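In: Build me a model:
(one chain, ligands or ions: 1)
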Amino acid sequence: MPSPRSSRERRTGSGSSRLEFLSLVSQRSPGAPDSPSRRKEPGSSAAAPLPEEDCMKLNPSFLGIALSSLLAIDLWASKRLGVCAGEGSAWGSARPLMKVIEISGHGIPWLLGTFYGLCQSDSSAAREVLLNLLFALLLDLVLVAVVKGLVKRPRPTHNKMDMFVTISVDKYSFPSGHATRAALVCRFILRHLVLAVPLRVLVVLWALIVSVSRVMLGRHNMTDVLFGLLLGYALYSVVEHCWLSPLSAPALFALWSH
Ligand SMILES: CC(C)=CCC/C(C)=C/CC/C(C)=C/CC/C(C)=C/COP(=O)(O)O
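Out: Alright, predicted model coming up:
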């Protein structure tokens, strides 16, 4: 059965830099009296029992504090790195170039290019690889849409929503769809295309530049991009596990056999 391994063997050849913190105190209702833990009845030696909700607010878990701190650092650093977020930003003149890089990692050119290649391919090895790339790209779109829809993290406030063709969940930022695609496509190409070393280095650089440009354009926070890269990397393993071949999916391959 042709597999990824066998197919490989066949190939011989601006903004402000103010920190944004989520204060634990501000989460309490404004004007609320002091906590019962600090209030003692006159003449009584024992403190009144703590209501459960106050216990939770006054004793946040270590994990909660660590996560809030990480998110605060993420928002602050991402805002500082969003140097191409607008024409008036520090590196605003590089924004057009960043937008070209954005399109190079967009779903539409990748889907259309792969579909076109599939229709034009005249070898069974090329058809197998391109069909699996198309499957990987579609799976990536669905997975990112599901996670974005579940997490619903808004895009950074400094982002200008002027992206080339988006779908409804693209108003959310976690994870970065460009970063998942860049990592997925990068792993896929390195594994299934025979390329000279300089070209392999270029593919890795492209994936990194697409990812960094998401933060520079102000589209994403750093954690959106880091998680996106991890997700895309892991998704490639799923694609390889479910690899479509003429034996496992004969009907699909029959569609493109000439
Ligand atoms: C051409 C074929 C075979 C199918 C088309 C299927 C389809 C509906 C594709 C939609 C592609 C699309 C609009 C993708 C969105 C890409 C995007 C803007 C992602 C957001 O990236 P992010 O890094 O800002 O999260």
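In: which residues are contacting the strand or helix carrying Val203?
Out: In the assignment (DSSP states H and E), Val203 maps to helix 197-216. For helix 197-216, the external contacting residues (Cβ atoms under 8 Å, 6 or more residues apart in numbering) are 78, 81-85, 91, 94, 98, 101-102, 104-105, 176, 178-179, 182-183, 185-186, 189-190, 195, 220-222, 224-225, 228-229. Where you see a C-beta, it was placed from the backbone N, CA and C, and this is true even at glycine.
In: What is the distance between the helix or strand following it and the centre of its chain?
Out: Using DSSP H and E, the helix or strand that follows helix 197-216 in sequence is helix 222-241. Helix 222-241 sits 8 Å away from the centroid of its parent chain (Cα atoms, centre = their mean, to the nearest Å).
In: and if you look at stretch 97-114?
Out: 15 Å.
In: And for stretch 67-87?
Out: 15 Å.
In: Could you tell me the average pLDDT over it, please?
Out: Averaged across stretch 67-87, the pLDDT comes to 96.
In: from the contacts of helix 197-216, which ones fall inside helices?
Out: By the criterion of DSSP state H, membership of the contacts of helix 197-216 in helices covers 78, 81, 98, 101-102, 104, 178-179, 182-183, 185-186, 189-190, 222, 224-225, 228-229.
In: Count the residues that sit near the residue of the stretch 1-150 of the chain found nearest the ligand.
Out: For the stretch 1-150 of the chain, the residue closest to the ligand is Gly107, as judged by Cβ to the nearest ligand atom, at 3.2 Å. Number of residues near Gly107 (other Cβ atoms under 10 Å) recorded here: 19.
In: Just the pLDDT at the closest residue to Leu230 other than its chain neighbours, thanks.
Out: Nearest residue to Leu230, sequence neighbours excluded (Cβ to Cβ, 6 or more residues apart in numbering): Ala183, at 7.6 Å. With respect to pLDDT, Ala183 scores 98.
In: same thing with Gly13?
Out: Listed pLDDT for Gly13 reads 40.
In: cool, and Leu50?
Out: 58.
In: ditto for the one 4 residues further on
Out: In this model, Asp54 is scored at 52, pLDDT.
In: Also Ser257?
Out: For Ser257, the pLDDT comes out at 73.
In: before we move on, back to that, verify the stated contact: the residue nearest to Leu230 with Phe227.
Out: No - the pair Ala183 / Phe227 is not scored as a contact, 10.6 Å apart, by Cβ atoms under 8 Å.
In: hang on, the earlier thing: OK, contacts around the residue of the stretch 1-150 of the chain closest to the ligand?
Out: 137, 140-141, 177, 181.
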